[in-house]
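Colleague: what's the 3D shape of this:
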Amino acid sequence: MLESELRALLADVAAGRIDPDRAFRAIEQAGERAHSFARIDTDRPRRTGMPEVIYCPGKTAEQIVQIMKTLHDAGQHVLATRATPEQAAAVKMAHPEVDYHPIARALTWQAGLRPEPVGGVGVVCAGTADLPVAEEAALTAEWMGAKVARIADVGVAGLHRLLRHLSVLREQRALVVVAGMEGALPSVVGGLVHRPIVAVPTSVGYGMNLGGVAALLAMLNSCAPGITVVNVDNGFGAGVAAATINRVGEPA
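Modeller: I've put the predicted structure just below:
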């Protein structure tokens, strides 16, 4: 429920135009905005600290346009993931203020000013081919209020590239490490840095990489203790996890 709507409702109660029971039911149901094709959870920021995020695959451009407007009208910053260029073009036609992030394949729409980023989340990827997943993680963490450091193309084929960034990695509160192929990079980082690591296997690789399953199993079987692993190509989930860790100790 928007602040203006809540104030108007309370004014009606005070003036005797609406009885308290009816007002209570209206407030109780106000955490949801329903369309014929979607039920939008506008109460999620209060419960979880982050607005509902739109997953674009399987949705029409018009559905995305309407859901984004509903969230924005509720005073919430909007993030939509895995948007195609065609979906992005249609959304920007309807809402020119929306930003499209082609590498991350995401759409964002601010509802007012965002607070200054806090803490530190490092997003590291093994190769340039892993950038879409890494950038999805970085953008998600930023949208959740984290200050993000990006480090790209530091895979195990040239470990000297990673070592140059150790001081930056050790300054972060949490790390997202993205890798395809054999998925070794999180184990290497885990042996060098005393920070929580969220590992993301990607579907990048030759031959029998099994669409990222080879990297997934390698990360799950890492000998570096304390590594948490998300699903294949799930940059969004990794970004949320790292940003949540980053917020620990910050004022609510």
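
Colleague: tell me the strands beside the helix or strand hosting residue 199, with direction?
Modeller: Assessed by DSSP states H and E, residue 199 sits inside strand 197-201. For strand 197-201, the pairing partners within the sheet under DSSP bridges are strand 174-179 (parallel), strand 227-229 (parallel).

Colleague: distance of residue 44 relative to residue 71?
Modeller: 10 Å (Cβ to Cβ, to the nearest Å). Using the backbone N, CA and C atoms, a C-beta is placed for each residue, glycine as well.

Colleague: how many degrees apart are the helix or strand that the strand holding residue 199 is followed by and strand 174-179 in direction?
Modeller: Moving toward the C-terminus from strand 197-201, the next helix or strand (DSSP H and E) is helix 213-220. Inter-element angle recorded for helix 213-220 and strand 174-179: 150 degrees (by axes from the mean of the first three to the mean of the last three Cα atoms, to 10 degrees).

Colleague: what sits up against helix 213-220?
Modeller: Residues from elsewhere that reach helix 213-220, judged by Cβ atoms under 8 Å, 6 or more residues apart in numbering: 179-184, 186-187, 199, 201-202, 205, 208-209, 227, 229, 231-232.

Colleague: list the buried residues for that helix?
Modeller: By 16 or more other Cβ atoms under 10 Å, the buried positions in helix 213-220 come out as 214-216, 218-219.

Colleague: got it, and stretch 155-170?
Modeller: 155-156, 162, 169.

Colleague: show me what it is in contact with.
Modeller: With Cβ under 8 Å, 6+ apart, stretch 155-170 has contacts from 122, 124, 126-127, 149, 151, 153-154, 175, 179, 181-182, 184-185, 188-189, 192-195.

Colleague: do that again at 6 Å, thanks
Modeller: 122, 126-127, 149, 151, 154, 184-185, 188, 193 (Cβ atoms under 6 Å, 6 or more residues apart in numbering).

Colleague: what about that stretch, how long is it end to end?
Modeller: Separation of the first and last residues of stretch 155-170 by Cα to Cα, to the nearest Å is 18 Å.

Colleague: go on, stretch 161-169?
Modeller: Using Cα to Cα, the two ends of stretch 161-169 sit 13 Å apart.

Colleague: related to what we said a few turns ago, for the contacts of stretch 155-170, which one is nearest residue 101?
Modeller: Taking Cβ to Cβ as the measure, residue 101 lies nearest residue 149 of those, at 17.4 Å.
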